[in-house]
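*Asks:* take this sequence and fold it.
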Amino acid sequence: MKTALITGANKSIGFETARQLLRLGYHVFLGSRDPHKGQQAADQLRVEGYAEVEPLPLDVTDPASVAAARAALGQRISVLDVLINNAGISGGMPQPTLTTAVSVVREVFETNVFGVMEVTQAFLDLLRASAAPRIVNVTSGLGSLTLHNDPTWKYYPVKGAAYVPSKAALNAYTIMLAYELRDTAFKVNAVDPGYTATDFNHHSGPGTVAAAAARVVRAAVLGPDGPTSQFFSDDNAPETGLSPW
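*Replies:* Alright, predicted model coming up:
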C-alpha cells in the first residue's frame with residue numbers, strides 16, 4: 001500500500017486531499033500543528049469508512065516538531081511515497097508593500113517557504129526509499145511573477161508584500177528541488193489549487209474544496225512518464241493546465 005504525508009491536513013484542501021487519496025487506496029498521515037485537531041480529522045475520516053488514516057503532530061515552523069514527526073513516522077513506515085506540502089498562511093490581507101511590517105513577511109515565509117524546506121529535507125530519506133516518490137508543493141496562482149507583470153491578468157490588482165513573494169519563492173524552490181532530483185524517479189511539482197472557498201480566504205473563493213484537492217491529487221499520483229518541475233494551474237491556464245512562472 002502506498003503512503004502519503006500531507007501537512008496542514010486537518011481541514012480544508014488538505015483534509016479533502018487526504019480523503020481523495022484514501023479513496024485511491026493510500027495510507028495517509030495527516031500532518032497537523034494541533035494534535036487534537038489532527039485526531040479529530042482522522043476520526044472523522046474513519047467514521048466515513050476510511051481506516052488507513054493516522055494523525056501526525058507536525059508544526060512545519062518548529063524544527064523540533066518536524067524532527068519528532070520524522071522520528072514518529074519512521075517507527076511506522078520505512079517508505080514514504082508522497083509528500084504534499086500543503087500547510088500555508090496568508091499573513092492577513094491587505095499587505096501594502098510600503099507599510100506591511102517585515103515581521104509579517106517573516107512569519108509568512110516561515111510557514112510557506114522555510115517550513116516546506118524543513119519538512120522536505122527531514123522526510124527525503126523515506127521518499128528516496130520509494131520506487132516512485134512524489135513531492136507536491138501547494139502554491140498559488142498569485143505566485144506567478146510573469147502574470148503579476150501583466151496588466152490584463154484577472155488577478156493583476158491582487159498584490160501583497162508577504163503572501164505573493166512567499167509563493168513565488170516556493171515556486172523557485174520547487175524548480176531547484178526538481179533539478180537536483182532530475183536523474184531520479186522523483187516527480188516534484190507546484191500545484192495551484194485555484195481560488196477556493198475556504199477559511200483561508202473567508203470562503204470568498206468561487207472554487208470547491210473537492211475540485212481544488214483533485215488538482216493536488218492529480219500531481220501526487222503521476223505515473224512514471226508524468227512531468228516534473230511544472231507549475232500546474234487550471235485557473236491561470238485552463239487550456240494547458242500549466243501556468244507561467
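
*Asks:* residues near G25, how many?
*Replies:* 9 (other C-beta atoms under 10 Å). In short, each C-beta sits where N, CA and C put it, glycine included.

*Asks:* please settle this for me: is R218 part of a helix?
*Replies:* Yes. Remark: R218 belongs to a helix, assigned using DSSP: H, G, I helix; E, B strand; the rest coil.

*Asks:* could you give the mean pLDDT of the lengthiest helix in the chain?
*Replies:* The longest helix of the chain (DSSP state H) is helix 163-180. Helix 163-180 comes out with an average pLDDT of 98.

*Asks:* can you name every helix or strand that it contacts?
*Replies:* Counting contacts by 3 or more C-beta pairs under 8 Å, 6 or more residues apart in numbering; DSSP states H and E, helix 163-180 packs against helix 102-109, helix 115-128, strand 134-138, strand 187-191.

*Asks:* export those as JSON lines, with columns for mean neighbour count, mean pLDDT and distance to I175.
*Replies:* Below are the helices and strands packed on helix 163-180 laid out as JSON lines (neighbours: other C-beta atoms under 10 Å; pLDDT from 0 to 100; distance: least, C-beta to C-beta, whole Å):
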{"stretch": "helix 102-109", "mean neighbour count": "16", "mean pLDDT": "98", "distance to I175": "17"}
{"stretch": "helix 115-128", "mean neighbour count": "19", "mean pLDDT": "98", "distance to I175": "13"}
{"stretch": "strand 134-138", "mean neighbour count": "27", "mean pLDDT": "99", "distance to I175": "10"}
{"stretch": "strand 187-191", "mean neighbour count": "27", "mean pLDDT": "98", "distance to I175": "8"}
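
*Asks:* all strands of the chain, in order?
*Replies:* Assigned by DSSP state E, the strands in the chain fall at 3-6, 27-32, 53-57, 82-85, 134-138, 187-191, 231-232.

*Asks:* quick one: those as TSV, columns for distance to K167 too.
*Replies:* TSV is the format used below for the strands of the chain (distance: least, C-beta to C-beta, whole Å):
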stretch	distance to K167
strand 3-6	18
strand 27-32	19
strand 53-57	24
strand 82-85	12
strand 134-138	9
strand 187-191	9
strand 231-232	10
